[in-house]
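Undergrad: model this:
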Amino acid sequence: MPRKPLPLGTYGRISRKEIETGRWRALARFRDFDGRTRQVEAWGKSGAAAERALVSAMTDRSAPAADSITPETRLAAVGRIWLAEVARSDLATNTQSRYSDLVNNHVVPGIGGLQVREATVGSLDRFIRTVNDHVGAATAKGCRVVLAAMLGLAARHDAAPRNLVRDTSAVPQERKPVRVLTEREVRALRGKLAADKATVRADLPDIVDFMLGTGVRIGEALAFRWADLDLGSAIATATVTGTVVRVHGQGLTIQDHPKTASGRRRLMLPPFVVSMLLRRQMDVVEGNAWDLVFPSSTGTLREPQNVHRQWRAARARAGMDWITPHVFRKSVATVIGLGDVRAAADQLGHSGTAVTERHYLAKTHAGPDARSLLEAFGQPADEADRSDSAG
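TA: Residues are numbered from 1 along each chain as shown. The predicted structure follows:
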């Protein structure tokens, strides 16, 4: 009966022999990670010294590489290895930052001490539910996404039999109805913003007009350069070419591609936006290094988070606390989507219409055409009586 092979990374019985006075050799069979069993030797001045040297050599030989994952690897280490892969990918900078935040601020403190073999469906599910209960559904859903990627990586390293995250419960998320601005609300809002000196100093009215006339994201709006605009043609256009992001160790920069591949798009501008842009162009006394349409007061890139903060203060003063910058995007989508959902998706830079319909369009469900049936309820009394008599 053939001898059962050694498990990978282990060795058999150690033998040692004095070859000459004060010179000992220790031998053992070691099964390498390529599946082959090899004889390994080490030397020492005594049998014990030779054996210690051999054990040390085989320990180094069996130690996994820095980026390898075994069943004993802790999830914190798996997270670091996976984030290193993410950093080498072509994922958007904001996406990479979001994944890093989820791993370092939630996964590692929560279950980072677990070894891969200890990460059962139950332990993973309990962690995700805890995040959902104490932080929120969006963060819990994000943690489930990064854990699925981490455990998928572990499975590819043969450290786990399969990706157990797939067997955890999906994070329930309540979908709130999409709320958008009516034309009357837009007029009221624009009037209040124009009359608010602090809002005007923050240059918010023009940014809001630009977002209302294009449906772009706030990071995309802040990344627009004059070279991205064509205001002299019969149909003025703005081409979305990037978005403002903060890169660790670098600061604010323009990511030279939008959030998605379909996000690079040329948008036709309505007259009120063209007028605003032409006015801004005429008002430019000194350009800025970035050629920005909406620069900071010092001519640099504006931090999207700072604009969000300024907007929260402005909307509070306007008495419209529910309006976020994304509401402008949804309002644009709804106006266009009433006539053509595909056109709304193209305006927003969505590759398909599903996301547009699910998250951006305010829905008004149409009832059936029952006019002729319901008209009977409106018959005068004498007509109804004659109808009953005839029956």
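Undergrad: Going by C-alpha atoms from here, please, whenever you check contacts or count neighbours.
TA: Fine.
Undergrad: I'd like the average pLDDT over the helix of greatest length in the chain.
TA: Across the chain, the longest stretch assigned as helix under DSSP state H is helix 137-156. For helix 137-156, mean pLDDT rounds to 94.
Undergrad: quick one: the host helix or strand of Phe127 to helix 137-156, angle?
TA: When elements are assigned from DSSP states H and E, Phe127 belongs to helix 121-134. Between helix 121-134 and helix 137-156, the angle comes out at 160 degrees (axes from the mean of the first three to the mean of the last three Cα atoms, to 10 degrees).
Undergrad: where along the stretch 151-300 of the chain do the strands fall?
TA: Using DSSP state E, counting those that start in this stretch, the strands of the stretch 151-300 of the chain run over residues 229-230, 237-240, 243-247, 251-255, 265-268.
Undergrad: Quick check: which of those is nearest to Pro304?
TA: Closest of the strands of the stretch 151-300 of the chain to Pro304 is strand 243-247, at 7.3 Å (criterion: Cα to Cα).
Undergrad: So what are the sheet partners of that closest one and their directions?
TA: Using DSSP bridges, the strands paired with strand 243-247 in its sheet are strand 251-255 (antiparallel).
Undergrad: Of all the strands of the stretch 151-300 of the chain, which one comes closest to Gly339?
TA: Comparing the strands of the stretch 151-300 of the chain under Cα to Cα, the one sitting nearest is strand 265-268, at 16.7 Å.
Undergrad: Sketch out the low-pLDDT regions of this structure for me.
TA: Within the chain, the segments meeting pLDDT under 70 span 1-2, 34, 62-67, 258-262, 285, 363-367, 369-371, 373-377, 379, 381-391.
Undergrad: mind giving me the domain ranges of it?
TA: Listed domain ranges for the chain are 10-62, 75-167, 183-360 (source: the TED database).
Undergrad: Redo the ones you listed as CSV? Include mean neighbour count and distance to Pro177.
TA: As requested, these are exported to CSV (neighbours: other Cα atoms under 10 Å; distance: least, Cα to Cα, whole Å):
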stretch, mean neighbour count, distance to Pro177
domain 10-62, 17, 55
domain 75-167, 18, 17
domain 183-360, 17, 9
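Undergrad: now these as CSV including distance to Pro368?
TA: CSV is the format used below for the domains of the chain (distance: least, Cα to Cα, whole Å):
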stretch, distance to Pro368
domain 10-62, 68
domain 75-167, 36
domain 183-360, 18
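Undergrad: Of those, which is nearest Glu174?
TA: So among the domains of the chain, domain 75-167 is nearest, using Cα to Cα, at 8.9 Å.
Undergrad: I'd like to know which elements the longest helix of the chain is packed against.
TA: With contacts taken as 3 or more Cα pairs under 8 Å, 6 or more residues apart in numbering; DSSP states H and E, helix 137-156 sits against helix 75-87, helix 93-102, helix 121-134.
Undergrad: Which neighbouring elements make contact with the longest one?
TA: Spelled out, it's helix 121-134. Helix 121-134 packs on helix 137-156, going by 3+ Cα pairs under 8 Å, 6+ apart.
Undergrad: Perfect, that will be all.
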